[in-house]
Structure formats: C-alpha cells, structure tokens
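> Next comes the sequence, and after it the predicted model I'd like to discuss.
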Amino acid sequence: MTAARIGIGGPVGSGKTALIEQLLDNFKKKSISVAVITNDLVTDEDALRIRKSGKLKEDRVVAVQAGACPHTVIREDPSLNISAADKLESKFPDLKAILIESGGDNLASTFSLDLVDWWMFVIDVAGGDDIPRKNGPGVLNCDLLVINKIDLAPYVGVNLEDMLLEAKSARHGRKVISSNCKTGIGVDELFSIIENEVIFE
C-alpha cells in the first residue's frame, strides 16, 4: 500500500508551515508514519524550520527547490516532487502519508493529480475577506479550503462568519474549515478529515 500524498498549497504567509507543524503532533499521537516535502524557490527554509521544530526526524523532511514559479513543480512539471516522494516511500516503507507543501503562490495555484491524491488550500483572514469572491482555482478546486489565522479577524476588519459563508457558497458546499494554528483551533477537525477520508478511506 502506497502512502497517501497530500498537497498543502496557498499564498505566502497564509500559515501552511505552521499548520503542518500542528498536524505533525496529531500524526505522532496516532502513531501514523508521515514524511514532509517542502517547496521553495531557491532555499530550504521551510524544510529547515520543520526539522528544527523536532516534530519529525530530520531525514523525513525533504526540500525541493523550484527554481521557478512555485506552481511549476506542483502542477506543470511535478517530476521533482514525484521523485522525492518515491524516494521517501522507498526509504520508509511504513509511511502512511506524505505532506507536500507548495511554495507560497497565488490564488491560481493548484496541484497536479499526478502528484497528489488529495489537496487543501490555505488562505488567511489577513489576506482579505474578498478572497472567496475572487473565485481563484486554488479556492474552488481544492478538496478542502482552510481559512487560517481566524484570531486576526477583528484586527483586520474581517467578518469571519460572512467570509466562511461566502467561501462555502463559492465552493458549492464543498468542505471549508477555519483554523488558528497558535491555539490549535480547527487542527483536530482537519486531521480527522485527513485520517478518515484520505489515509484510511
């Protein structure tokens, strides 16, 4: 049985890496074997952050440098990421999931289904409550939309309830959850979806 390949995309600063760090705690609690692939333009910064967090053994975190627009290696030519995932599966036969984080990109960023089995798109309230209305492919086409940093809503003039309603309307009822990685709000719900609908479907 191959590991489920799970894409995590979204704009710069939306909280993708922080969300991964929170999810790793859940994987550890459930003793589910996991690895992470990060994508950055010309650095390994996100991978280094996850390694330094101590939440996962360092050799289970792999960095891919896109060298071009971040969406290139998750959509147009995902061969670098596919190769990295294949190597992780070969090295760790017990893997149940591989989290593949895209480099920060715009609302048009989507994952190739040759690369992932399922993917989420992470936006944050500080990016503006109009994001769901812009009908970006990332928001519309992902399997799950995550609206992150909900604690910031009062400080940036965002009506969170309205933003959630607009997101659900734009996605025609497909899943939307809200989260706050600092307090863990929404993380258990997100992990439950990954565990029950993706890993052990």
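That came through, no problem. Being a predicted model, the structure only gives us computed values, none of them experimental.
> what's the burial count for residue 43?
12 (other CB atoms under 10 Å). For every residue, glycine as well, the C-beta is placed using N, CA and C.
> Repeat that for residue 91.
Count around residue 91 with other CB under 10 Å applied: 12.
> same deal with the one 3 residues further on?
Other residues lying near residue 94 total 9 when counted by other CB under 10 Å.
> Use 16 as the first number for this chain going forward.
All set: I'll call the first residue 16, so the last point we hit is now residue 109.
> How about it, nearest residue that isn't a chain neighbour?
residue 48 (4.4 Å; CB to CB, 6 or more residues apart in numbering).
> and that neighbour, what does it touch?
By CB atoms under 8 Å, 6 or more residues apart in numbering, the contact set of residue 48 is 42, 107, 109-112.
> My assumption is that residue 166 lies in a helix; please confirm.
Yes: membership of residue 166 in a helix is supported by DSSP: H, G, I helix; E, B strand; the rest coil.
> Distance check, it against residue 19.
Applying CB to CB, to the nearest Å, the value for residue 166 to residue 19 is 30 Å.
> between the two, which one's more packed in?
Taking other CB under 10 Å, residue 166 and residue 19 do not tie; residue 19 has more neighbours (21 against 15).
> Next up, the contacts around that one.
111-113, 132-133, 209, 213-214.
> and it, what pLDDT?
Residue 19 is assigned a predicted lDDT (pLDDT) of 98.
> And residue 16, by the same measure?
Confidence score, pLDDT, at residue 16: 69.
> thinking again about what came up before, could you identify the pair within the contacts of residue 19 that is furthest apart?
By the measure CB to CB, 111 and 133 form the most distant pair in these, at 13.2 Å.
> host element of the residue of the chain most remote from its centre?
Residue farthest from the centre of the chain, counting by CA atoms, centre = their mean, is residue 172 at 25.5 Å. Residue 172 is part of no helix or strand, with elements assigned from DSSP states H and E.
> Check residue 110 too.
Judged by DSSP H and E, residue 110 forms part of no helix or strand.
> Now render the contacts of residue 19 as CSV, adding neighbour count, secondary structure and pLDDT.
Formatted as CSV, the contacts of residue 19 follow (neighbours: other CB atoms under 10 Å; DSSP: H, G, I helix; E, B strand; the rest coil; pLDDT from 0 to 100):
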residue, neighbour count, secondary structure, pLDDT
111, 20, coil, 98
112, 21, strand, 98
113, 27, strand, 98
132, 18, coil, 97
133, 20, strand, 98
209, 23, helix, 98
213, 20, helix, 97
214, 19, helix, 96
